[in-house]
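J.: Need the 3D shape of this:
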Amino acid sequence: MTLAQGGAGAMASAPAVAYPAGMIWLSSPDDIAASLPAVWLVATPERPATLPERSALRRGIGARILARQLGLPPGAIAIGHDARGRPLVEQPRGSRLHLSLATRAGMVAVALAHSLVGVDVEAMDARAATPTAVLHPEESAWLLAQPEDVRPLAFARLWSAKEAYVKALGTGFARPPESFAVSISPDGRLTVRDGADAAAATGVSRTIENGGQEILAAAIVVIG
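T.: The predicted structure follows:
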């Protein structure tokens, strides 16, 4: 896995960057994606401390992106959630768009797709021990085979992909994280193997330098 992909240059605003496999990554909530699935990674100065504050930040930016993408006034957009807490587009009805939201260290991620989608952002923690017990045995073996100095970022990329997958499923980590395996190719493509399904989901992983202060890992996973 190449761990140096992304970076501050990749966060420049439109034109959109296909990264890789045609996946569109945008950095301004006012950018419009030419096709879906697409991910908006929006850097903000906000550092919300509580769950309601984080939720309000995510939904506010998500609604702004939806309004631009659909060519509607902001008041025509409503983001709700299903019984499990997964965000959904309540207004306009019949959009058939699937939505996923994430927040980390002031970065807001919004993913839109025509099928089930999950997005997540994780911060690299160079001081934390690697929690291999919560990984699939194949993931744990792969991670421990990495040079020690790159393991924190490798884990952040792996974990963001796993969380994106359970968001796409709509289960969150009520689904045990060690019960499925994520693999990430050198160019950032990721595949989820879940039981007998060798390609239960696919997606893209990337890294971002957040204002030169933090290194973040972002992942989008699409089912179907």
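
J.: for the nearest residue to residue 168 once chain neighbours are set aside, what are its contacts?
T.: Nearest residue to residue 168 in three dimensions, chain neighbours excluded: residue 118, at 3.4 Å (Cβ to Cβ, 6 or more residues apart in numbering). For every residue, glycine as well, the C-beta is placed using N, CA and C. Residue 118 sits next to 100, 111, 163-169, 220-221 when contact means Cβ atoms under 8 Å, 6 or more residues apart in numbering.

J.: and with 6 Å instead?
T.: By Cβ atoms under 6 Å, 6 or more residues apart in numbering, the contact list for residue 118 reads 100, 164-165, 167-168, 221.

J.: For residue 206, state which of these is nearest.
T.: Distance to residue 206 across those (Cβ to Cβ) is lowest for residue 164, with 11.8 Å.

J.: quick one: which helix or strand includes the closest one?
T.: Using DSSP states H and E, residue 164 sits within helix 151-169.

J.: So which elements touch that helix?
T.: Contact analysis of helix 151-169 by 3 or more Cβ pairs under 6 Å, 6 or more residues apart in numbering; DSSP states H and E lists strand 116-123, strand 181-184, strand 197-210, strand 214-223 as its packing neighbours.

J.: which one of those is the most hemmed in?
T.: Mean neighbour count (mean count of other Cβ atoms under 10 Å) peaks for strand 214-223 among those, with a mean of 26.

J.: which stretches of the chain have low pLDDT?
T.: Residue ranges of the chain with pLDDT under 70: 1-22, 197-198, 211-212.

J.: in it, which spans are helices?
T.: Assigned by DSSP state H, the chain shows helices spanning 51-70, 137-144, 151-169.

J.: what helices or strands is the shortest one leaning on?
T.: For helix 137-144, not one helix or strand is in contact under the criterion 3+ Cβ pairs under 6 Å, 6+ apart.

J.: how about a cut-off of 7 Å?
T.: helix 151-169, strand 181-184 (3 or more Cβ pairs under 7 Å, 6 or more residues apart in numbering; DSSP states H and E).

J.: Distance of residue 109 relative to residue 153?
T.: The spacing between residue 109 and residue 153, counted by Cβ to Cβ, to the nearest Å, is 17 Å.

J.: actually residue 163, not the one I wrote
T.: Relative to residue 153, and taking Cβ to Cβ, residue 163 is found at 16 Å.

J.: Repeat that for residue 39.
T.: 19 Å.

J.: Likewise for residue 192?
T.: Residue 192 is 20 Å from residue 153, by Cβ to Cβ.

J.: okay, these two: which has more neighbours?
T.: residue 192 (24 against 21; other Cβ atoms under 10 Å).

J.: Quickly list what the more buried one is bridged to.
T.: Bridge pairing for residue 192 (DSSP bridges) gives the partners residue 182, residue 201.

J.: And for residue 25?
T.: If you apply DSSP bridges, the partners that residue 25 bridges to are residue 17, residue 39.
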